[in-house]
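Asks: here's my sequence, what's the structure:
(one chain, ligands or ions: 1)
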Amino acid sequence: MKLSQVKKYLQENKLDAIVLFAKTPNFTYFVQSDFEYGIMVLTKKGNYLLVSLLYKPKFKGFQAVRWKNFKKDFKAFLKKHKIKKIGYDSQEILLKQKKFLSRHFKVRDVSGFLEDLRQTKTKEELAKFRKACQIGDVIFKKIISNLNSKKFKTEADIVKFMKMEALKQNAEMSFEPIVANAENGVVAHHEMNSRLKKGFLVMDFGIKYKGYLSDMTRTIYLGTPSKKEIEIYGKVLDIQKKCIEKAKIGMKTETLYNYSLKLFGKDAKYFVHGLGHGIGVRIHEKPSIGKAKDTLLKHSVFTIEPGYYNPKLGIGIRIEDDVYLGDKKEILTKSTKDLICLKLR
Ligand SMILES: [Mn+2]
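Replies: Below you'll find the model as predicted:
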């Protein structure tokens, strides 16, 4: 996983190593798996996973170093590899871990470098995204058919169903799903125990597959929408499609965001968040598609998710896809975006 670029970075920045702890996105990134134990040490000469005797990790490009007595063996390891100056990830570190590192090393924050490194995806990563998105699409289909046969009474029932279906496919949710019906769609967080009723139903959920996170939103309608509601949905969908079409390699993200505002026109005041964000081992990565100074890079994966939130009308709509910007542009989330209208019981 781009370990050669790490070596180059260490050389250029006069660091001896980058040290990462288990259960953090960058750790996941470099082992490309959900293995969650030990300490990772990336050096100019080699890459090491320090683990207790319980584990025997086998990962491409890594050597396992198993400790009997952590303190003693860790010190010996440092001495052997002459590690004094290290980089750490300030975004994902516990206070006690930071203290531990400062005690043994001269430290420098390298989270920005790691974030930039992760922005372009390899084929291997893309395959994981594809699988995550595919699982999400299957779950969406099942939700629609269950709504049709009236299996869900509340928004919370749908969330529970998403979670169970993900587990069945050896995956999990990439974040706590948002399922918001009618006027609930206008607020960011709400109690999900009210009965499903007439109105739009926003479903924003993602799948975590082997460490990689997808993020998709579909908005459907329960009951029969008014002409005005159909019109607003159509507008959001049109903007979403146009923004995907417009996105291209080398484009400033702010340009794309401003384009979406222009398309919203007088309704731009109802679009209250960014247009999208990179995804990967974290749910919000670079690039940020809003008022940011980021650029759409070749081989990046990001969301495009315009929304419309009108508290007066009690209407919330969001449509979100995951897009891969390779030689060709590819929409990874394939669920239909045509407005699905379901009968209420
Ligand atoms: Mn999103």
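Asks: buried sites along the longest helix anywhere in the chain?
Replies: Scanning the chain for the helix with the most residues, using DSSP state H, yields helix 123-148. Residues 125-126, 128-140, 143-144, 147 are the ones in helix 123-148 that count as buried (16 or more other C-beta atoms under 10 Å). In this view, the C-beta of every residue, glycine as well, is placed from N, C-alpha and C.
Asks: with stretch 242-262 instead?
Replies: Using 16+ other C-beta under 10 Å as the burial criterion, the residues of stretch 242-262 that qualify are 243, 247, 251, 253-254, 256-257, 259-260.
Asks: off-centre distance for that stretch?
Replies: Taking C-alpha atoms, centre = their mean, to the nearest Å, the mean C-alpha location of stretch 242-262 is offset from the chain mean by 20 Å.
Asks: can I get it as PDB, trimmed to CA atoms?
Replies: Coordinates of the C-alpha atoms in stretch 242-262 are reproduced here as PDB (Å, rounded to 0.1, in the frame of the first residue of the first chain):
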ATOM      1  CA  LYS A 242     -25.200  17.300 -13.700                       C
ATOM      2  CA  CYS A 243     -22.600  17.600 -10.900                       C
ATOM      3  CA  ILE A 244     -21.400  14.100 -11.500                       C
ATOM      4  CA  GLU A 245     -21.200  14.800 -15.200                       C
ATOM      5  CA  LYS A 246     -19.200  18.000 -14.500                       C
ATOM      6  CA  ALA A 247     -16.700  16.500 -12.200                       C
ATOM      7  CA  LYS A 248     -13.300  15.900 -13.800                       C
ATOM      8  CA  ILE A 249      -9.700  15.300 -13.000                       C
ATOM      9  CA  GLY A 250      -7.900  18.400 -11.900                       C
ATOM     10  CA  MET A 251     -11.000  20.400 -11.100                       C
ATOM     11  CA  LYS A 252     -11.000  22.600  -8.000                       C
ATOM     12  CA  THR A 253     -13.700  21.200  -5.600                       C
ATOM     13  CA  GLU A 254     -14.900  24.700  -5.000                       C
ATOM     14  CA  THR A 255     -15.700  25.100  -8.700                       C
ATOM     15  CA  LEU A 256     -17.900  22.100  -8.600                       C
ATOM     16  CA  TYR A 257     -19.600  23.200  -5.400                       C
ATOM     17  CA  ASN A 258     -20.300  26.700  -6.800                       C
ATOM     18  CA  TYR A 259     -21.700  25.000  -9.900                       C
ATOM     19  CA  SER A 260     -24.200  23.100  -7.700                       C
ATOM     20  CA  LEU A 261     -25.200  26.400  -6.000                       C
ATOM     21  CA  LYS A 262     -25.800  28.000  -9.400                       C
END
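Asks: now do that stretch, average pLDDT.
Replies: Stretch 242-262 comes out with an average pLDDT of 98.
Asks: which residues of the stretch 201-345 of the chain fall in helices?
Replies: Along the stretch 201-345 of the chain, the segments classed as helices by DSSP state H, counting those that start in this stretch run 227-246, 253-264.
Asks: between those helices, which gets nearest to the ion?
Replies: With C-beta to the ion, the closest approach to the ion among these belongs to helix 227-246: 12.3 Å.
Asks: can you tell if the closest one touches the ion?
Replies: No: counting by C-beta under 5 Å from the ion, no contacts exist between helix 227-246 and the ion, the nearest distance being 12.3 Å.
Asks: give me the contacts around that helix.
Replies: By C-beta atoms under 8 Å, 6 or more residues apart in numbering, the surrounding residues in contact with helix 227-246 are 200, 219, 221, 225, 256, 259-260, 263-264, 267, 275, 304-308, 310, 313, 315, 317-321, 323, 329, 331, 337, 339.
Asks: how is this protein divided into domains?
Replies: Dividing the chain into domains by automatic domain parsing, as the record does, gives the ranges 3-119, 123-342.
Asks: just name the most buried of these.
Replies: Comparing those by mean neighbour count (mean count of other C-beta atoms under 10 Å), domain 123-342 ranks first with a mean of 18.
Asks: run the chain-centre distance for that one.
Replies: Its chain's C-alpha centre lies 12 Å from the corresponding centre of domain 123-342 when counted by C-alpha atoms, centre = their mean.
Asks: start to end distance for it?
Replies: End-to-end distance of domain 123-342 (C-alpha to C-alpha, to the nearest Å): 38 Å.
Asks: what residues does this protein put near the ion?
Replies: Within reach of the ion by C-beta under 5 Å from the ion, the chain has these residues: 215, 303.
Asks: if we use 6 Å, what do you get?
Replies: Taking C-beta under 6 Å from the ion, the part of the chain that reaches the ion is made up of 215, 303, 305, 320.
Asks: any idea of the pLDDT on the residue nearest in space to the middle of the chain?
Replies: Among the residues of the chain, residue 283 comes closest to the average C-alpha position under C-alpha atoms, centre = their mean, at 2.3 Å. Reported pLDDT at residue 283 in the predicted model: 95.
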